[in-house]
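> only the shape, not the letters, is given here:
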Ligand code: EPU
């Protein structure tokens, strides 16, 4: 177990914000986690994964916990639906690469998503028509309230679009591992635009195509700090959609019809229409190739730069389209 005081978090958040926490603890097993004397730690206590979907609003006065539980266990490779248990500290994309390498289907559309397995399970990551919830059958946790291990079935996790029960109960449960099911039977999902017509003979081929698309649209966190999509795509009623169409002044509004008559409109499109592409605030900027992403353009952006840019985008989109954007990125502090 690693315990650091007054710890610099710039390497623990992909936005590369230069912030500190009073205490940082990284544990390697459930036993180490259970052995921590939580009562004695600076509060609040916050668990992070790869730090790829969060924005520290400033120095954090409490304790940051991080899982380094790293194992991938194939329960029975002989089955068609292979159960795999994965530690929460495994890098998500290392897992996807390994599954694809074994010829196992299910996770390939979720290639190159930054972050770790525990965080993937909290926020139900999704891309190219597939979400984490499509793979998971159970989640193992440590319950901070009862101070014991516990397990949840997938329905108990109440997964929705970038949502889960763990987001509501984030102070209580720490995810330690997940049980996924991946398949030996070919099952490419190529419905998302851009994936039609690609070579889908193996999961590794689909992974290659997904990686190529992501590289053209999204910044490489190694080169440019960001937290991926900054906003969620809003889901609106049919009435609100007609208002968006009116406000679009003749431009075609991209949209996806959902169950119940609701309509999802890409936030990237609205931000683009408002002219925010490339917009700067201090060291922060709206990414040119995908305006849903805010980047640390100068490498020196402060949390306030990002928050101000966020405020301006929300206000601009609301003024033009009457839609309130909500951040996907978690704000901490
Ligand atoms: N668009 C524009 N201008 C642009 C870029 C996009 O108008 O410059 C519009 C287009 O109409 C495009 C639409 O936005 O068709 C959607 O863009 P895209 O397909 O790239 O996906 P997204 O809805 O912007 C979501 C996820 C991404 C995920 C992609 C692909 C959310 C918040 N974001 O983005 O997830 O990679 O779909 O499945 O749901 C992330 O969560 O960090 C993330 C990158």
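Alright, I've got the coordinates. All values reported here derive from a predicted model rather than from experimental measurement.

> tell me where the protein has helices.
In the chain, the helices defined using DSSP state H lie at 30-34, 92-101, 117-123, 165-168, 203-217, 238-247, 267-273, 303-321.

> which strands or helices does the second one pack on?
Packing contacts for helix 92-101, counted by 3 or more CB pairs under 8 Å, 6 or more residues apart in numbering; DSSP states H and E, involve helix 117-123, helix 203-217. C-beta here means a position set from N, CA and C on the backbone, and glycine is covered the same way.

> how about the first one: buried residues?
Going back to what we said before, that points to helix 117-123. 117-123 (16 or more other CB atoms under 10 Å).

> what about that helix and the ligand, touching?
No: Helix 117-123 is not in contact with the ligand by CB under 6 Å from any ligand atom; minimum separation 8.3 Å.

> and that helix, what's its mean pLDDT?
In this model, helix 117-123 has a mean pLDDT of 97.

> ok, residues contacting it?
Helix 117-123 is contacted from outside by 47-50, 52-53, 67, 86-92, 95, 113, 125, 132, 136, 139, 157, 162-164, 166-167, 170, 174-178, using CB atoms under 8 Å, 6 or more residues apart in numbering.

> same check, this time on stretch 36-44
Applying CB under 8 Å, 6+ apart, the contact partners of stretch 36-44 are 1, 22-23, 25, 27, 45, 61-63, 144, 171.

> what residues does stretch 289-299 touch?
Stretch 289-299 is contacted from outside by 15-17, 216-219, 224-231, 266-268, 271-272, 276-277, 280, 282-287, 306, 309-310, using CB under 8 Å, 6+ apart.

> if we use 6 Å, what do you get?
Applying CB atoms under 6 Å, 6 or more residues apart in numbering, the contact partners of stretch 289-299 are 15-16, 217-219, 224-226, 229-231, 267-268, 271-272, 276-277, 283-285, 287, 306, 309.

> quick one, which of those are buried?
Among the contacts of stretch 289-299, those classed as buried by 16+ other CB under 10 Å are 15-16, 218-219, 224-226, 229-231, 267-268, 271-272, 276-277, 283-285, 287, 306, 309.

> which of these are close to the ligand?
218, 229, 268, 272.

> reformat these as TSV; add pLDDT.
Listed next are those as TSV, based on pLDDT from 0 to 100:
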residue	pLDDT
218	96
229	97
268	98
272	98
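
> need the max-distance pair from these.
Of all pairs drawn from these, the one with the longest distance (CB to CB) is 218 and 272, at 15.3 Å.

> so which of the contacts of stretch 36-44 are in strands?
Per DSSP state E, strands hold the following members of the contacts of stretch 36-44: 22-23, 25, 27, 45, 61-63.

> now a ChimeraX select for only the buried ones of these.
The following ChimeraX line selects those of those that are buried, judged by 16+ other CB under 10 Å:
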select :22,23,25,27,45,62,63
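
> using TSV, lay out the ones in strands among the contacts of stretch 36-44 together with distance to residue 99 and pLDDT.
Compiled in TSV, those are given as follows (distance: CB to CB, whole Å; pLDDT from 0 to 100):
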residue	distance to residue 99	pLDDT
22	38	98
23	35	98
25	30	98
27	25	98
45	32	95
61	39	98
62	35	98
63	33	98
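
> and the furthest pair within the ones in strands among the contacts of stretch 36-44?
27 and 61 (21.0 Å).

> quick one: contacts for the residue of the stretch 51-200 of the chain at minimum distance from the ligand?
Closest to the ligand within the stretch 51-200 of the chain is residue 127: 3.7 Å, counting by CB to the nearest ligand atom. Contacts for residue 127 were tallied using CB under 6 Å, 6+ apart; they are residue 110.

> one more time with 10 Å, if that's ok
By CB atoms under 10 Å, 6 or more residues apart in numbering, the residues touching residue 127 are 109-113, 192, 210, 213-214, 218, 228-229.

> roughly how far does it sit from residue 325?
Going from residue 127 to residue 325 by CB to CB, to the nearest Å gives 19 Å.

> and for residue 292?
In this view, residue 292 and residue 325 are 10 Å apart by CB to CB.

> what is the burial count for the closest residue to the ligand within the chain?
Residue nearest to the ligand within the chain (CB to the nearest ligand atom): residue 228, separated by 2.4 Å. Neighbour count of residue 228, defined by other CB atoms under 10 Å: 23.

> what of residue 26?
Residue 26: 17 neighbours (other CB under 10 Å).

> again with residue 9
21.

> let me see the contact set for the nearest residue in space to it that is not next to it in sequence.
When the adjacent residues along the chain are set aside, residue 9 lies closest to residue 19, with 5.2 Å between them (CB to CB, 6 or more residues apart in numbering). Contact analysis of residue 19 by CB under 10 Å, 6+ apart lists 7-10, 12-13, 55-60, 302-303, 332-333.

> ditto for residue 189
Contacts of residue 189 by CB under 10 Å, 6+ apart are 105-106, 108-109, 128-130, 134, 195, 200, 206.

> what does residue 205 give?
100, 108, 188, 198-199.

> filter these to the buried ones?
Among the contacts of residue 205, those scoring as buried are 100, 108, 188, 198 (criterion: 16+ other CB under 10 Å).
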